[in-house]
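Trainee: here's a sequence, model it:
(chains A and B)
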Amino acid sequence: RKEVEQDPGPFNVPEGATVAFNCTYSNSASQSFFWYRQDCRKEPKLLMSVYSSGNEDGRFTAQLNRASQYISLLIRDSKLSDSATYLCVVNDIGGGADGLTFGKGTHLIIQP
Amino acid sequence: DTAVSQTPKYLVTQMGNDKSIKCEQNLGHDTMYWYKQDSKKFLKIMFSYNNKELIINETVPNRFSPKSPDKAHLNLHINSLELGDSAVYFCASSQENENIQYFGAGTRLSVL
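Mentor: Next up is the predicted model:
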């Protein structure tokens, strides 16, 4: 059974701090990796894709470790607006209903 | 202009009823999906569909059936609603063979 595991949190972090959380996946054949963000009572939205070499988008940095099968997300200089649930998403070969697996999400609360 | 739109936004109904949720995307995507997010916020795929293939998650009861009148629409029909069907249902779409999915705003179904 394919699984994506995340620490549900909540992570309570003061504004301006750096926060990082990880996600592990069970299927070594997984091909694509993403972080989605979901605000309360809203739909999930793509935050960033995760590439093997690691990638950065502004204050956000994503890393992939295929050997250990984990993905990380680092948020620097956190803002109040970063408060949300962050979903780790793994897509396997072929995609579709068999391919896309969501983690249960990590709840992040940025405090003033 | 909403890329993926679903109606209704809220649906409150009695146990045993039959209901439908509509989804439309104007992105020109080939593949559409239905997800269920339960009270524990776990997002789980139910179906993926393109003009070639319907892939069904084997855990979905056959009371749930997707119907696609054309490439831009994937409606969800639910027969004999049960209390456990109460959840938020998200529609999503993507371009075939691409992994990024765009979600609708969700339909909050409450079965009484």
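Trainee: which residues sit against stretch B:47-60?
Mentor: Outside stretch B:47-60, the residues within contact range by Cβ atoms under 8 Å, 6 or more residues apart in numbering or on different chains are A:95-98, A:100, B:30-34, B:44-46, B:64, B:66, B:68, B:71, B:74, B:76, B:96. C-beta here means a position set from N, CA and C on the backbone, and glycine is covered the same way.
Trainee: tell me which stretches of chain A form helices.
Mentor: With helices called from DSSP state H, chain A shows them at A:96-99.
Trainee: surely residue B:81 meets residue B:20?
Mentor: No: counting by Cβ atoms under 8 Å, residue B:81 does not reach residue B:20; the two are 11.2 Å apart.
Trainee: compare the two (neighbour count), which wins?
Mentor: Each of residue B:81 and residue B:20 has its neighbours counted (other Cβ atoms under 10 Å in any protein chain shown); residue B:81 has more, 21 against 14.
Trainee: and chain A, which residues reach chain B?
Mentor: A:31-32, A:34, A:41-46, A:49, A:85, A:87, A:91, A:95-98, A:100, A:102, A:104-105 (Cβ under 8 Å from any Cβ of the partner chain).
Trainee: who in chain B is up against chain A?
Mentor: B:31, B:33, B:40-48, B:53, B:55-57, B:90, B:94, B:97, B:99-106.
Trainee: just the buried ones from these, in PyMOL syntax?
Mentor: For the buried members of the residues of chain B next to chain A, the matching PyMOL selection, counting by 16 or more other Cβ atoms under 10 Å in any protein chain shown, is:
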select buried, chain B and resi 31+33+41+43+44+45+46+47+48+55+56+57+90+94+99+101+102+103+104+105+106
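Trainee: name the element the residue most central in space within chain B belongs to?
Mentor: Note on chain B: the residue nearest the mean C-alpha position is residue B:34, at 3.2 Å, using Cα atoms, centre = their mean. Residue B:34 belongs to strand B:31-37 when assigned by DSSP states H and E.
Trainee: adjacent strands (with direction) for that strand?
Mentor: Applying DSSP bridges, strand B:31-37 is found paired with strand B:43-49 (antiparallel), strand B:87-94 (antiparallel).
Trainee: any idea of the mean pLDDT for the shortest one?
Mentor: Read it as strand B:43-49. Mean pLDDT, strand B:43-49: 89.
Trainee: then it to CSV, C-alphas only?
Mentor: What follows is strand B:43-49, C-alpha atoms only, in CSV (Å, rounded to 0.1, in the frame of the first residue of the first chain):
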residue,chain,number,x,y,z
LEU,B,43,-7.8,14.0,1.1
LYS,B,44,-8.4,10.8,-0.8
ILE,B,45,-8.8,10.3,-4.6
MET,B,46,-12.1,8.7,-5.7
PHE,B,47,-11.9,8.8,-9.5
SER,B,48,-9.8,10.0,-12.3
TYR,B,49,-11.3,10.3,-15.8
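Trainee: my guess is residue A:32 contacts residue B:99. True?
Mentor: Yes: applying Cβ under 8 Å, one finds residue A:32 in contact with residue B:99, separated by 4.5 Å.
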